[in-house]
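In: need a structure here:
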Amino acid sequence: MTARTSLPRRAAAETVGTAALLMVVIGSGIKAAELSADPGVALIANSLASAIGLGLIITLFGPLSGAHLNPVVTLTSWWARRTGGEGLSGRDALVYTAAQTAGAIGGAVLAEVMFGRTPGAFATQVRDGGNLLLGEVIATAGLVLVIQGLGRIGRPRLVPAAVAAYIAAAIWFTSSGSFANPAGTIGRSFSDSFTGIAPESLPGFVAAQLIGGVLGLGLAGVLYGSARASRAVPAEIVPAGTAPAKDEFETIG
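Out: So this is what the prediction gives:
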């Protein structure tokens, strides 16, 4: 993202990008459930499609808005600016979060319509229990750590592939299935499908994701130092004769 990109254009990118992400996640889940009665096979298909789609969306929208697609990522960017690094202002963060939430709901509804399902039905799959909430804390903390870590070691261009790979893995290794995105979680409550989550489960999941975001930021600070200090990239990380370029992915905070 560059400073020349207007806030309305960035908000539009966040809306469209998040909508696309939800269409990928929910649509692939519906398709997988239709084609296979085996939940394991369906999850393999859903996780691969979600990871590939996410990587492509980040690559496409990163130069416009930073491709946050996630209020937790936006909040980490806002916090980075408050602590002396580069990131979003409070106003921009609010606009991003609203755009992401609207996009997530819109993408969920479009996925339902695309597969000939009646839109507007809330999910009935209840996801509760301390083990699932712990899974969301871990999933979100890991996501933030991946993004922040790559930014602070001067390798933000690896973010699309790294985030996609992390989400593909986290869908499997976390008990919750790695929602790791408050806007996406809200959107998925509008789809009574394989990937849905009942509205009554939203408060716990969103709270766990916010806690995970704070934990991920804390781990990034412990492991890599502050965002301000990390702006000076160590010489051994950058190939000789090159300068650490200012990358378009605002997700690094």
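
In: Find the helix or strand that the closest residue to A207 other than its chain neighbours is a member of.
Out: Using C-beta to C-beta, 6 or more residues apart in numbering and skipping the chain neighbours, the partner closest in space to A207 is L133 (7.8 Å). Bear in mind the C-beta positions are built from the backbone N, C-alpha and C, glycine included. Assigned by DSSP states H and E, L133 belongs to helix 130-152.

In: what's that helix packed up against?
Out: Where contact means 3 or more C-beta pairs under 8 Å, 6 or more residues apart in numbering; DSSP states H and E, helix 130-152 is packed against helix 71-82, helix 159-173, helix 202-224, helix 227-230.

In: tilt between the third one and helix 71-82?
Out: Spelled out, it's helix 202-224. Here helix 202-224 runs at an angle of 40 degrees relative to helix 71-82 (axes from the mean of the first three to the mean of the last three C-alpha atoms, to 10 degrees).

In: Report the rounded mean pLDDT for helix 202-224.
Out: If you average the pLDDT over helix 202-224, you get 97.

In: what about P119, which helix or strand?
Out: Here P119 is assigned to no helix or strand, by DSSP H and E.

In: ok so, going back, JSON lines for the helices and strands packed on helix 130-152, including mean neighbour count?
Out: As requested, the helices and strands packed on helix 130-152 are exported to JSON lines (neighbours: other C-beta atoms under 10 Å):
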{"stretch": "helix 71-82", "mean neighbour count": "24"}
{"stretch": "helix 159-173", "mean neighbour count": "19"}
{"stretch": "helix 202-224", "mean neighbour count": "19"}
{"stretch": "helix 227-230", "mean neighbour count": "18"}
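
In: re earlier: what angle do the helix holding L133 and helix 71-82 make?
Out: Using the same axes, to 10 degrees: helix 130-152 against helix 71-82 is 40 degrees.

In: For helix 130-152, which residues meet the burial criterion?
Out: 132-152 (16 or more other C-beta atoms under 10 Å).

In: that older thread, of all the helices and strands packed on helix 130-152, which one comes closest to I52?
Out: helix 159-173 (6.8 Å; C-beta to C-beta).

In: Was I right to think A67 contacts A20?
Out: No. Contact criterion C-beta atoms under 8 Å: A67 and A20 do not qualify, at 10.5 Å.

In: Which one of those two is surrounded by more residues?
Out: A67 (28 against 20; other C-beta atoms under 10 Å).

In: The more buried one: which element?
Out: With DSSP H and E as the criterion, A67 is inside neither a helix nor a strand.

In: per-residue confidence for it?
Out: A67 is given a pLDDT of 96.

In: Look up how far L56 lies from A11.
Out: A11 sits at a distance of 21 Å from L56 (criterion: C-beta to C-beta, to the nearest Å).

In: Comparing these two, which shows the higher neighbour count?
Out: For A11 versus L56, neighbours defined as other C-beta under 10 Å are more numerous around A11 (19 against 15).
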